[in-house]
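Below are the sequence and a predicted model; questions follow.
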Amino acid sequence: MSTNSLLILPGDGIGPEVMAEVSRIIAWFADRRGLKFDVNEDLVGGAAHDVHGVPLADETMEKAQSVDAVLLGAVGGPKYDDLDFSVKPERGLLRLRKEMDLFANLRPAVCFDALADFSSLKREVVAGLDIMIVRELTSGSYFGEPRGIFEENGERVGINTQRYTESEIDRVARAAFDLARKRAGRVCSMEKANVMESGILWREVVQAVRDADYPDIELSHMYADNGGMQLVRNPRQFDVIVTDNLFGDLLSDVAAMLTGSLGMLPSASLGAPMENGRPRALYEPVHGSAPDIAGQGKANPCATILSFAMALRYSFDAGDEADRLEAAVEKVLADGVRTADLMQTEGGSPASTRKMGDAIIAALEASL
Ligand code: NAD
């Protein structure tokens, strides 16, 4: 059983355009590296609603549960803005995340040298940056009960509850430590143990998991507010950051901006290991369906291509090939081949989505 199964869900807007380039790259790995994928393609979001009346058909959900990895483009667009909430394109994505129980959201923040001037920070602070934020995705303040807006003493009170069980903290901590083993071996855990009991428990459990099963990993703890400051002061001090749902939401967006462009940001959401030992996994760019440029061949395919590189590394145990693909993207950027979103204000003509794909494939070929 060594086939690599992959479900591709291009979705809406620029999703199909950027995914077309990933499909060519998958074909390149099959032809030139003998890395065979059993690829199935299906609909999600508005595209699924057009055909099935729902943003994710049951058969597609079943396929997602049976493959090694799901690769998604983007969902949504103005055409679907007036749909009922229950069938909006985003609900397809939420259903995937929920039913696959994807509790660890991985957001790398990598600053390619060629793009360091796009960061809001100084080049010398961000050049060479390579950090990974692991955000707990299925619990904490966004899910805890009680929640709601209630009447109390003649006025309304809004309530959300930060709630974490030991097992929820344990499993996301393990995800972070496992990742660190494939990286520089350092994890910084962030919470607010100074003012929140859930933070005290978070710190205790993360430390206990490390002491019991990951003695090779260097673990540090930081209050999340200081973490925010450190991310903009000296982001290169970090390797892997693990944090809860709420703090992770904020900190991963801060980290994303260190690197400059939305068109460059990949992500992965991982769940528990399946029978074959691989984690349930969904890979997708951070950006949306970009309706303002859809259908024009202008979209930057790098975020989706780098999401596939994450799949190579974390689902298919092909870290060397992931390195090869990331290096190819870096080389193309360094050579000055750029889509419009990566162009400074004046000069040069932007590459199309297809041209960017061509250049990355040429760089892969040159790497052999
Ligand atoms: P967006 O990420 O689609 O676009 C924001 C801006 O960034 C736009 O100007 C767009 O042209 C640009 N951009 C985004 N990706 C790009 C790329 N790969 N190359 C070049 N430029 C790129 O966010 P939005 O405009 O707020 O949302 C548009 C639609 O996408 C909405 O329907 C929204 O609900 C949906 N959305 C989906 C996801 C997802 O599928 N995960 C995430 C965010 C938004």
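Sure thing, it's come through. None of these values were measured; they are calculated from a predicted model.

The residue in the stretch 151-300 of the chain that the ligand sits nearest to: neighbour count?
Distances between the stretch 151-300 of the chain and the ligand by Cβ to the nearest ligand atom are smallest at Gly288, namely 2.4 Å. In this view, the C-beta of every residue, glycine as well, is placed from N, C-alpha and C. Residues lying near Gly288 (other Cβ atoms under 10 Å) number 19.

pLDDT score for it?
We have a pLDDT of 94 for Gly288.

same check, this time on Asp117
Asp117 carries a pLDDT value of 85.

Give me the nearest residue to it, chain neighbours excluded.
Arg123 (6.2 Å; Cβ to Cβ, 6 or more residues apart in numbering).

any idea how far the one you found is from the ligand?
Distance check for Arg123 against the ligand: by Cβ to the nearest ligand atom, to the nearest Å, it reads 22 Å.

do the same with Leu121
Distance check for Leu121 against the ligand: by Cβ to the nearest ligand atom, it reads 20 Å.

Is that residue in a helix, a strand, or coil?
coil (DSSP: H, G, I helix; E, B strand; the rest coil).

quick one: the strands in this protein?
Counting by DSSP state E, the chain has strands at residues 4-11, 37-41, 69-74, 104-110, 130-136, 144-152, 155-161, 186-191, 218-223, 240-243, 266-273, 279-285.

Name every strand pairing with the fifth one and say which way it goes.
Using DSSP bridges, strand 130-136 pairs in its sheet with strand 104-110 (antiparallel), strand 240-243 (parallel).

Can you say which of those is packed in most?
Per-residue neighbour counts averaged over each of the strands paired with strand 130-136 give the maximum for strand 240-243, namely a mean of 28 (mean count of other Cβ atoms under 10 Å).

from memory Met19 sits against Ala74, does it?
No - contact between Met19 and Ala74 fails when scored by Cβ atoms under 8 Å: they sit 9.2 Å apart.

Of those two, which one has the most company?
Neighbour comparison, Met19 and Ala74: the larger count goes to Ala74, with 32 against 25 (by other Cβ under 10 Å).

what sits against the more buried one?
By Cβ atoms under 8 Å, 6 or more residues apart in numbering, Ala74 lies in contact with 11-15, 18, 45, 284-285, 287-290.

Lys192: which of these is nearest?
Within the contacts of Ala74, the smallest distance to Lys192 is 29.1 Å, found for Glu284 (Cβ to Cβ).

so what's the closest one bridging to?
Applying DSSP bridges to Glu284 gives these bridge partners: Ser267.

how much space is there between Pro285 and Leu72?
If you measure Pro285 against Leu72 using Cβ to Cβ, to the nearest Å, the figure is 8 Å.

next one: Lys88
Remark: distance between Lys88 and Leu72 (Cβ to Cβ) = 16 Å.

neighbour-wise, which of the two wins?
Leu72 (26 against 20).

Can you read off the pLDDT for the more buried one?
Model confidence at Leu72, expressed as pLDDT, equals 98.

still on that earlier bit, mean pLDDT lowest for which of the strands paired with strand 130-136?
For the strands paired with strand 130-136, mean pLDDT drops lowest on strand 104-110, to a mean of 94.
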